[in-house]
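>>> What follows is a predicted protein model with its sequence.
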Amino acid sequence: MTAQDRPSVMAGSERRAQLSLFARNFFKHPRMLGSIIPSSPYLVRRLLEPVDWERARVIVEYGPGVGTITREILSRLHPEATLVVLETNEEFVDFLQRSIFDPRLQIISGSAETIQAELDRLGLPAADYVVAGIPFSTMPAEVRERILEGSREALLPEGAMLVYQFSPKVLPDLRQVFSAVECGFEPINIPPAKVYFCRP
């Protein structure tokens, strides 16, 4: 990967804009974000720990927000891989488009419910990993079910869904949809987060 292909490093002013945008949207949509600040580096590392970066060629992220996890994925992603991010908040979509320049990144303004349609539209195969921090506990049960079922179907048989949540409410749904679910916990985050590693 050449220097121009690498994800951009955030300047101080851009970092301040990122935090300001995230906080502003927290007050507007607290049930959608769950925290006033983005995920901590500790949570990001724990969440992405299971990823086989040499093998992964398609990763999907739901609800990238201001791109905290997105940037970390791109910093580790194989040069020939693709990261597809699905975001419903237009302010976040605009911020990501203006602040991250990487040919491996596909920014989609849309819902996690459309994962298979977006992979098909982009001509991509099944995903190696789906990374999700969207608030499953506050969304309608039928939407949560559609997203989880669709995610499982969009994964390779050897793939995995990596989920972090601030509430354990989604765990029974994960166990119902996926064949195996491993649970973890990251205390160094505001608020502390549950982490789930789900196999199809």
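Ah, there it is.
>>> okay, now Arg57: neighbour count?
15 (other CB atoms under 10 Å). Glycine gets a C-beta too; all of them are placed from N, C-alpha and C.
>>> Show the backbone phi and psi for it.
phi -120, psi -20 (degrees, to the nearest 10).
>>> Give me the nearest residue to it, chain neighbours excluded.
Nearest non-adjacent residue to Arg57, counting by CB to CB, 6 or more residues apart in numbering: Ala81, 4.7 Å away.
>>> From Phe95, how far off is that neighbour?
From Ala81 across to Phe95, the span is 23 Å (CB to CB, to the nearest Å).
>>> So for those two, which sits in the more crowded spot?
Remark: of Ala81 and Phe95, Phe95 carries more neighbours, 23 against 18, as counted by other CB under 10 Å.
>>> what about the more buried one, which SS state?
With DSSP: H, G, I helix; E, B strand; the rest coil as the basis, Phe95 sits in helix.
>>> all strands of this structure, in order?
Secondary structure of the chain (DSSP state E): strands located at 58-62, 82-87, 105-109, 127-132, 155-165, 180-186, 193-199.
>>> From the contact counts, what lies against the second one?
This means strand 82-87. Under the contact criterion of 3 or more CB pairs under 8 Å, 6 or more residues apart in numbering; DSSP states H and E, strand 82-87 touches strand 58-62, helix 68-76, helix 90-99, strand 105-109, helix 115-121.
>>> Check the last one too.
With contacts defined as 3+ CB pairs under 8 Å, 6+ apart, strand 193-199 has these neighbours: helix 41-48, strand 155-165, helix 171-177, strand 180-186.
>>> And for the fourth one?
Applying 3+ CB pairs under 8 Å, 6+ apart, one finds that strand 127-132 contacts strand 58-62, helix 115-121, helix 141-154, strand 155-165.
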